[in-house]
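A.B. asks: everything below, folded, please.
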Amino acid sequence: MALHISATNPEHPALLLELPWHLPLEEWPEEYLVPLPRGISRHVVRYARAGDEVVAVKELAERPALREYELLRDLDRLGIPAVDALAVVTGRTDADGEPLEPVLITRHLGGSMPYRSMFETTMRPATMHRLMDALAVLLVRLHLAGFAWGDCSLSNTLFRRDAGAYAAYLVDAETGELHARLSDGQRDYDLDLARVNISGELLDLEASGALHPSVDPIAFGTEICARYQGLWKELTRTSVYPAGKYHYIERRIRRLNDLGFDVAEMQIEHSSNGDTVTFVPKVVDAGHHQRQLLRLTGLDTEENQARRLLNDLESWMATQDDYAPNDPLAARPEVLAHRWVREVFRPTVRAVPPELRGGMDPAEIYHQLLEHRWYLSERAQHDIGLDTAVKDYVENILPRARKTLEPPVPE
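C.D. replies: Coordinates of the predicted model:
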């Protein structure tokens with residue numbers, strides 16, 4: 001059988017042909033591999049370099065490889081946080097002509113970490129709560145899109161820093177199913193699997209001595225259920241308001257926006273006697289602040305990072321002489337936003353030496369600098385300015401932060 005590469009980009013097959021497909025993945029020479037932390041997987045997984053890209057290569061049977069490839073592409077079209085599917089390689093044979101397992105190739109998610117690598121140093125319970133929040137948001141987003149995961153767990157998730165919180169990405173869609181809409185039973189099944197899987201993973205960490213002594217693995221496994229149910233109810237519940245109180249509907253929409261979701265369609269019905277109005281958010285899309293920041297500045301960030309950067313952008317715009325929201329002759333917000341990127345955001349990020357940034361992307365660096373400025377200003381009882389905060393952060397905080405996976409918390 002001839003080697004066959006099915007890829008999303010016509011440039012990828014040429015780059016991927018340079019990899020040693022005639023060898024089992026476990027036997028690939030070090031010269032092809034990239035030493036990145038890997039999570040637990042039922043399959044052999046390796047990180048390799050293909051041209052300028054780092055890719056994850058996973059061996060599995062042909063049918064599930066092709067199925068997962070298509071599911072990951074579907075999730076990408078739906079805007080769900082998941083790894084990017086690049087290619088499936090079939091028809092592999094070794095030097096003796098014996099068949100080798102096909103592989104699924106995905107793009108490495110820059111700045112991400114598997115949960116076990118995050119527990120190499122004992123993680124604080126507060127940070128673990130943030131991981132549960134991120135995983136609950138991911139599961140809600142999948143279910144809103146009609147995707148039944150079938151194996152929700154920490155092992156099948158990658159985490160990226162997101163302005164003091166975390167963003168969760170699906171990394172294994174092998175057991176997933178995409179439907180027009182999920183039943184309550186399908187959602188409950190996913191949630192119950194998540195509870196059992198997470199409790200088991202934390203029990204393993206406890207047995208290895210990597211879990212904080214105050215953390216109860218069973219309680220943390222159950223916690224995701226409560227966080228999921230609270231978020232799902234807020235996003236999908238029907239509200240009944242007194243007739244004429246239309247600002248209540250606006251308040252509900254703002255609350256959804258604050259959670260990072262957009263209401264793309266809504267259903268509003270008046271009661272037969274005209275006394276009440278029933279409001280149902282029909283379609284709820286995540287990434288409200290991401291889209292707003294991208295539209296204004298061209299910066300593509302995580303949701304919480306976008307929220308934080310938008311707040312700083314609005315504060316900066318208010319100090320500009322040509323800013324007048326209700327004046328049609330004043331500078332448009334998009335013009336001011338690009339000026340902020342050029343004059344504030346980029347110079348601030350560039351002031352942090354690349355060798356000290358670790359896995360932080362520019363938006364996360366800027367968020368950390370804003371946090372540090374706030375902390376120093378609180379201590380000094382006046383605004384110390386961004387330049388002073390950057391200098392202190394580079395000299396006193398980043399050298400310590402490189403020794404741990406978590407940003408240092410001010411004493």
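A.B. asks: which stretches of this protein form helices?
C.D. replies: Counting by DSSP state H, the chain has helices at residues 12-16, 62-77, 115-118, 125-144, 184-208, 217-236, 246-258, 288-297, 303-317, 333-340, 346-350, 362-380, 386-392, 398-401.
A.B. asks: turn the ones you listed into JSON lines, including mean neighbour count and distance to R161.
C.D. replies: Any C-beta I mention is one placed from the backbone N, CA and C, and that applies to glycine too. Listed next are the helices of the chain as JSON lines, based on neighbours: other C-beta atoms under 10 Å; distance: least, C-beta to C-beta, whole Å:
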{"stretch": "helix 12-16", "mean neighbour count": "18", "distance to R161": "28"}
{"stretch": "helix 62-77", "mean neighbour count": "18", "distance to R161": "22"}
{"stretch": "helix 115-118", "mean neighbour count": "19", "distance to R161": "10"}
{"stretch": "helix 125-144", "mean neighbour count": "21", "distance to R161": "10"}
{"stretch": "helix 184-208", "mean neighbour count": "17", "distance to R161": "20"}
{"stretch": "helix 217-236", "mean neighbour count": "16", "distance to R161": "19"}
{"stretch": "helix 246-258", "mean neighbour count": "14", "distance to R161": "21"}
{"stretch": "helix 288-297", "mean neighbour count": "19", "distance to R161": "15"}
{"stretch": "helix 303-317", "mean neighbour count": "20", "distance to R161": "9"}
{"stretch": "helix 333-340", "mean neighbour count": "17", "distance to R161": "22"}
{"stretch": "helix 346-350", "mean neighbour count": "15", "distance to R161": "15"}
{"stretch": "helix 362-380", "mean neighbour count": "19", "distance to R161": "5"}
{"stretch": "helix 386-392", "mean neighbour count": "17", "distance to R161": "18"}
{"stretch": "helix 398-401", "mean neighbour count": "14", "distance to R161": "11"}
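A.B. asks: reformat these as JSON lines; add distance to H4.
C.D. replies: Formatted as JSON lines, the helices of the chain follow (distance: least, C-beta to C-beta, whole Å):
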{"stretch": "helix 12-16", "distance to H4": "9"}
{"stretch": "helix 62-77", "distance to H4": "10"}
{"stretch": "helix 115-118", "distance to H4": "34"}
{"stretch": "helix 125-144", "distance to H4": "30"}
{"stretch": "helix 184-208", "distance to H4": "34"}
{"stretch": "helix 217-236", "distance to H4": "40"}
{"stretch": "helix 246-258", "distance to H4": "45"}
{"stretch": "helix 288-297", "distance to H4": "37"}
{"stretch": "helix 303-317", "distance to H4": "38"}
{"stretch": "helix 333-340", "distance to H4": "45"}
{"stretch": "helix 346-350", "distance to H4": "43"}
{"stretch": "helix 362-380", "distance to H4": "39"}
{"stretch": "helix 386-392", "distance to H4": "51"}
{"stretch": "helix 398-401", "distance to H4": "45"}
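A.B. asks: export these to a markdown table and tack on distance to T90 and mean pLDDT?
C.D. replies: Formatted as a markdown table, the helices of the chain follow (distance: least, C-beta to C-beta, whole Å; pLDDT from 0 to 100):
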| stretch | distance to T90 | mean pLDDT |
| --- | --- | --- |
| helix 12-16 | 12 | 68 |
| helix 62-77 | 5 | 93 |
| helix 115-118 | 30 | 82 |
| helix 125-144 | 28 | 88 |
| helix 184-208 | 30 | 93 |
| helix 217-236 | 36 | 88 |
| helix 246-258 | 44 | 76 |
| helix 288-297 | 36 | 86 |
| helix 303-317 | 37 | 87 |
| helix 333-340 | 46 | 88 |
| helix 346-350 | 43 | 94 |
| helix 362-380 | 38 | 90 |
| helix 386-392 | 51 | 91 |
| helix 398-401 | 44 | 74 |
